[in-house]
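# any chance you could fold what I've pasted below:
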Amino acid sequence: MLLARLLDSTKRHRFFGRIFFLVSNNFLWRLAGSAGASALVALLLSMLSSYFGVAVNALVVGLIIFSLLSISFQWRLASIGIHSAQSSVSSGTDYSAALNLCRDNFALLGTGAYKLVSERDFEQTLLKCTNSRNPIRLLLSHPDNPLIRDAEQRAGVAPGTYRHKLVSSLEILQRLRKERSANFEVRFYKVVTERDFENFRMMFIDDDILLLSYNVYGNEDAGRNTPQLVLFKSGMKSSSGGFYSAFRGYFERLWNSSNSWDFKEYV
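Below you'll find the predicted structure:
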C-alpha cells in the first residue's frame, strides 16, 4: 500500500511524472525493468531460501516472473483489442493474407486500392464475401484528386502514374460488378485541401478485425512497408469501447459524407 501511494505521488509530480511516463512507454526500458525486477525478486528468494534452508533455483524463478510480467503486458493490450503490431504490411498480414481472412464482408479505406484489387485472390474474396445484408464497401480517392499529382511529383514518377493505377482499379471493379455480378459499393471521399487526404489505411474484416496502417504519399512501396496494427473488435474488457470502435466510427462518418461512384465515370 505504501509503495502504491509513493508510486502514485511520483506520477503526479511534474518532473518525475514525465520521467515515469517516458520510461514506462519505452520498450527497451520496460524490457530492462521487467528483467531487473525478475532478477531482483529471484535474488531475494534465493537469499531467503538459503536463510530458511529451502532449495530454490533462482534462474527458474526469474524466468517464471519474467514470463508472468510479459503475459500481463500482453493481457493489457488484448483487453482493449490490440492483438499485435507488425513491422510492415508485407512481413505481417499482407494483402493476400487479409483477403483470405474474410468470410462474410469487408470494408476498406484507401487511396486507390490498386495493390489490393491486383491480388490473385481478390476476385474470389469479393464473390465469397458478397451478401445482400452487408455489401463490401470501398472508400477511395477519386482519380482527379489534385493531391495525387502532388504525390507523383514528390515520388519523381511520370505524371499520371498514380492516376493510371487508380483508374485501373476502378476498371477492375467495374468488370467484376458487370461480369460477375459482385455485390459491393464504391465511394469517393471528398478532398479539397491536403488536410482532407486520408492518413490511414483501414481494412475491416468480418466486422471483427481491423488492419490499420498509415499512408505515405509519394513513395511507391510505402503501402507494403509501413507498420501495421491488428485490432480486434471484442476486447476482453468491453466490446463497446476500444480502438476498433473508434476507428469504425470514423470510417462510418466518412462513408456517410462521401459520394457514391456510378461505375461509369473515369472508366
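
# and the nearest residue to G92 once chain neighbours are set aside, what does it touch?
In space, and not counting its chain neighbours, G92 is closest to Q86: 2.8 Å by CB to CB, 6 or more residues apart in numbering. Yep, even glycine has a C-beta here, placed from its N, CA and C like the rest. With contact taken as CB atoms under 8 Å, 6 or more residues apart in numbering, Q86 is in contact with G92, T93, P227, Q228, L229, V230.

# tell me the phi and psi of Q86?
Backbone dihedrals for Q86, given as degrees, to the nearest 10, come out at phi -110, psi 140.

# bridging residues for it?
Counting by DSSP bridges, Q86 is bridged to Q228.

# need the contact list for the closest residue to S258 other than its chain neighbours.
Leaving aside its sequence neighbours, S258 sits nearest to R187 (CB to CB, 6+ apart; 4.0 Å). R187 is in contact with R137, L138, L139, L140, W255, S258, N259, S260, W261, counting by CB under 8 Å, 6+ apart.

# run the last query once more with 7 Å
Listed by CB atoms under 7 Å, 6 or more residues apart in numbering, the contact partners of R187 are L139, W255, S258, N259, S260, W261.

# what helix or strand is it located in?
Element membership of R187, judged by DSSP states H and E, is strand 184-188.

# for that strand, which strands pair with it and how are they oriented?
Next to strand 184-188 in the sheet, as set by DSSP bridges, lie strand 136-140 (parallel), strand 259-260 (antiparallel).

# highest mean neighbour count out of those strands?
Ranked by average neighbour count under the criterion mean count of other CB atoms under 10 Å, the strands paired with strand 184-188 are headed by strand 136-140 at a mean of 21.

# next, format the contacts of R187 as CSV and append distance to S72 and pLDDT.
CSV is the format used below for these (distance: CB to CB, whole Å; pLDDT from 0 to 100):
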residue, distance to S72, pLDDT
L139, 38, 96
W255, 38, 95
S258, 42, 93
N259, 47, 92
S260, 47, 95
W261, 47, 96
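
# per-residue pLDDT, the nearest residue to M203 once chain neighbours are set aside?
Spatial nearest neighbour of M203, chain neighbours left out: L211 (4.4 Å); criterion: CB to CB, 6+ apart. In this model, L211 is scored at 92, pLDDT.

# show me the chain divided up by domain.
Per automatic domain parsing, the structural domains of the chain span 2-79, 85-260.

# most tightly packed of those domains?
domain 85-260 comes out most buried of these by mean count of other CB under 10 Å, with a mean of 17.

# surely D121 is in contact with L99?
Yes. Here D121 reaches L99: they are 4.7 Å apart, a contact under CB atoms under 7 Å.

# before we move on, the earlier item: neighbouring contacts of the helix or strand the residue nearest to M203 falls within?
Assigning secondary structure by DSSP H and E places L211 in strand 209-214. Applying CB under 7 Å, 6+ apart, the contact partners of strand 209-214 are 89, 93, 98, 101, 199-204, 226-232, 244, 247.

# stretch 255-262 too?
R137, L139, E185, V186, R187, F188, Y189, K190.

# got JSON lines for those residues, with distance to N105 too?
As requested, the contacts of stretch 255-262 are exported to JSON lines (distance: CB to CB, whole Å):
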{"residue": "R137", "distance to N105": "8"}
{"residue": "L139", "distance to N105": "14"}
{"residue": "E185", "distance to N105": "11"}
{"residue": "V186", "distance to N105": "15"}
{"residue": "R187", "distance to N105": "16"}
{"residue": "F188", "distance to N105": "20"}
{"residue": "Y189", "distance to N105": "20"}
{"residue": "K190", "distance to N105": "24"}
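
# surely L229 meets A85?
Yes. Using CB under 7 Å, L229 is in contact with A85, at 5.6 Å.

# any idea how far L108 is from the residue nearest to G242 when sequence neighbours are not counted?
Computed as CB to CB, 6+ apart, the closest residue to G242 that is not its neighbour in sequence is G81, at 3.9 Å. Here G81 is placed at a distance of 19 Å from L108 (CB to CB, to the nearest Å).
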